[in-house]
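A.B. asks: my questions concern the predicted model and sequence given below.
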Amino acid sequence: MSAIKEIKRDELDTTEFINERAKEISDLVGDGCAINALSGGVDSSAVTMLGHKALGDRLKTYFIDNGIMREGEPKKIESIFKKLGVKIKILNAQDKFFNAFKGITDPEEKREAVTQTFYKDVFGDLVKESNAKYLLQGTILTDVDETVAGIKRQHNVFEQLGIDPQKAFGYKIIEPLIQLRKDGVRKIAEAVGLPESIYNRPPFPGPALAARVVGEVTREKISIVRKATIVVEEELSSINAFQCMAILHNDRVTGMRDGKRDFGLQIEVRCWDSIDARKATPTKLPHELLTKLADRMCSEVPGVVSVTYNIASKPPSTMEVV
Ligand code: XMP
């Protein structure tokens, strides 16, 4: 396990970085082929562009439709990359993910379920079918730090936990962004020609909306948190926060609807100011905005009777709830 040398945004020479990483990928993969998963986040988008620069058509890019992404995401991302000349295959793996979540409530077990489904079931099969020896992925230094510190098992960290992907899943992993933090990745993403809607996109976690459901993850709960996410993202879009999110709690609380008791759902809204996700503070949102958000949440998301706003900082909070 070697220590990773951080490259700070200020000292990052984008042309040099892109050329060096592309050459490394090309040297490693040789005349074989590689695969990668694009989620549409800044990290995986930057890796997709670097990989295509290095390998062209020998990099097969998949969008894994795991059923836990935001509304309309697969088609939206496919069309952005089509404009950049990068073909993407959308793979429906929803059943695999929801089966893996069955009966699991512990946060770290939920993360592990995402990891195993993604890397073993979905990618294990894809690698066999495509004959690829390598998977390219957008792990960044913050993912490694949090995993090694035992804060959260990030879905994409293996070597630092003593896991050999070749033995565990049957392929090697290349991580061209591992020396960077989010702000550095944004600089690279812009330099490789991605549009601003991608390079300035707020981060979104690998375990997707499953990181925002307390308790067992089911299709029904994901559908609720997905609707709540639309409301939060629309209402807070002008704030330009580092990240904002809706969280579905497991407990129910007594509310009232149409003059009757309704033992309903609780949504927690979080909106973060942060530079690199290592520390974060809740954005000071105007009360009128919070009220509008709560009104929309209760009328547009079925069953919601309680909306709270998180006011605790990271640490000791973390940004996602799982
Ligand atoms: P936390 O919740 O650890 O989140 O304070 C810090 C930042 O990381 C994102 N996040 C993840 N990103 N895989 C990722 O790629 C993950 O497993 C993961 N978990 C959290 C989170 O959205 C925030 O930006």
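C.D. replies: Everything's here; your move.

A.B. asks: which residues touch residue 239?
C.D. replies: Applying C-beta atoms under 8 Å, 6 or more residues apart in numbering, one finds that residue 239 lies in contact with 271, 283, 285, 289. Where C-beta positions appear, they are placed from N, C-alpha and C, glycine not excepted.

A.B. asks: can you confirm residue 305 is in a helix?
C.D. replies: No: under DSSP: H, G, I helix; E, B strand; the rest coil, residue 305 sits outside any helix and is assigned strand.

A.B. asks: can you show me the strands along the protein?
C.D. replies: Along the chain, counting by DSSP state E, strands occupy 34-37, 59-65, 88-92, 134-136, 172-174, 243-257, 260-273, 281-282, 304-309.

A.B. asks: now those as JSON lines including mean pLDDT and distance to residue 26?
C.D. replies: Listed next are the strands of the chain as JSON lines, based on pLDDT from 0 to 100; distance: least, C-beta to C-beta, whole Å:
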{"stretch": "strand 34-37", "mean pLDDT": "96", "distance to residue 26": "10"}
{"stretch": "strand 59-65", "mean pLDDT": "96", "distance to residue 26": "10"}
{"stretch": "strand 88-92", "mean pLDDT": "96", "distance to residue 26": "21"}
{"stretch": "strand 134-136", "mean pLDDT": "95", "distance to residue 26": "11"}
{"stretch": "strand 172-174", "mean pLDDT": "95", "distance to residue 26": "11"}
{"stretch": "strand 243-257", "mean pLDDT": "97", "distance to residue 26": "34"}
{"stretch": "strand 260-273", "mean pLDDT": "98", "distance to residue 26": "37"}
{"stretch": "strand 281-282", "mean pLDDT": "98", "distance to residue 26": "42"}
{"stretch": "strand 304-309", "mean pLDDT": "98", "distance to residue 26": "48"}
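
A.B. asks: adding mean neighbour count, write those strands out as CSV.
C.D. replies: Output for the strands of the chain, formatted as CSV (neighbours: other C-beta atoms under 10 Å):
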stretch, mean neighbour count
strand 34-37, 24
strand 59-65, 20
strand 88-92, 15
strand 134-136, 24
strand 172-174, 19
strand 243-257, 17
strand 260-273, 18
strand 281-282, 16
strand 304-309, 19
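
A.B. asks: quick check: which of those strands is nearest to the ligand?
C.D. replies: Taking C-beta to the nearest ligand atom, strand 243-257 is the member of the strands of the chain nearest to the ligand, at 5.3 Å.

A.B. asks: from one end of stretch 311-318 to the other, what's the distance?
C.D. replies: With C-alpha to C-alpha, to the nearest Å as the measure, stretch 311-318 spans 12 Å from end to end.
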